[in-house]
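Visitor: Coordinates for the following, if possible.
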Amino acid sequence: MSAPDGSPVGAERSIGQLFASATTEMSALVHDEIALAKAQLKQDVKRGATSGGAFSVAGAVLLFSLPMLNFALAYAIRTWSGWNLAICFLLSFAANVLLAVLLVLVGVVFAKKAKKSKGPQKVAASMKETAGVLQKAKPHPRPAPASDGVEVVARSSS
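Guide: Residues are numbered from 1 along each chain as shown. Below is the predicted model:
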């Protein structure tokens, strides 16, 4: 088994090797965080596009189908029921409005899902947490060498 830089685990590594390893791992972490943010943002954009599409379809259905559908439906209702033609036209218009309302509700549901999504905020919080941990990290204390190159050892009186 070996460390990320290729040296065997448990072997003494220089400060430069440790720093290079830490830099490589930090770079990989930042790249992974960015990739996660992109993926979550892409999902939010897709939901927003679906919502906009549903609103557009609702408007198109209401606008373009009303004249033709109203005439066809009104005459069909009159044929089946024998009611006054004006009442039949009102019923066909009500059916079109009901369809448009259902499509608007679908659009609202997708818009709420897109608005609720906290993908990028979660990634930003995770990156801040990582930076906070790294700022609080302290190096392992090492004994200071004496001026003549011999280590100073503290003696306690017994």
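Visitor: From one end of stretch 74-94 to the other, what's the distance?
Guide: 11 Å (CA to CA, to the nearest Å).
Visitor: Residues touching it, excluding its own?
Guide: Applying CB atoms under 8 Å, 6 or more residues apart in numbering, the contact partners of stretch 74-94 are 66, 69-73. C-beta here means a position set from N, CA and C on the backbone, and glycine is covered the same way.
Visitor: for this protein, longest helix please?
Guide: When the chain is parsed with DSSP state H, its longest helix is helix 15-81.
Visitor: Please list only the buried members of the contacts of stretch 74-94.
Guide: Neighbour-count burial (16 or more other CB atoms under 10 Å) applied to the contacts of stretch 74-94 gives 69-70, 73.
Visitor: Counting by contacts, list what the helix or strand of the chain with the lowest mean pLDDT packs against.
Guide: Across the helices and strands of the chain, mean pLDDT, DSSP states H and E gives its lowest value to helix 119-136, namely a mean of 72. Identification of packing neighbours for helix 119-136 by 3 or more CB pairs under 8 Å, 6 or more residues apart in numbering; DSSP states H and E yields helix 15-81.
Visitor: for this protein, which spans come out with low pLDDT?
Guide: Scanning the chain for pLDDT under 70 picks out 1-11, 119-120, 134-135, 137-158.
Visitor: Am I right that L69 is in contact with N96?
Guide: Yes: counting by CB atoms under 8 Å, L69 touches N96, with 5.9 Å between them.
Visitor: Turn the buried ones among the contacts of stretch 74-94 into CSV, including distance to G48.
Guide: Below are the buried ones among the contacts of stretch 74-94 laid out as CSV (distance: CB to CB, whole Å):
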residue, distance to G48
L69, 30
N70, 33
L73, 34
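Visitor: just checking, L36 touches A125?
Guide: No: using CB under 8 Å, L36 is not in contact with A125, being 11.9 Å away.
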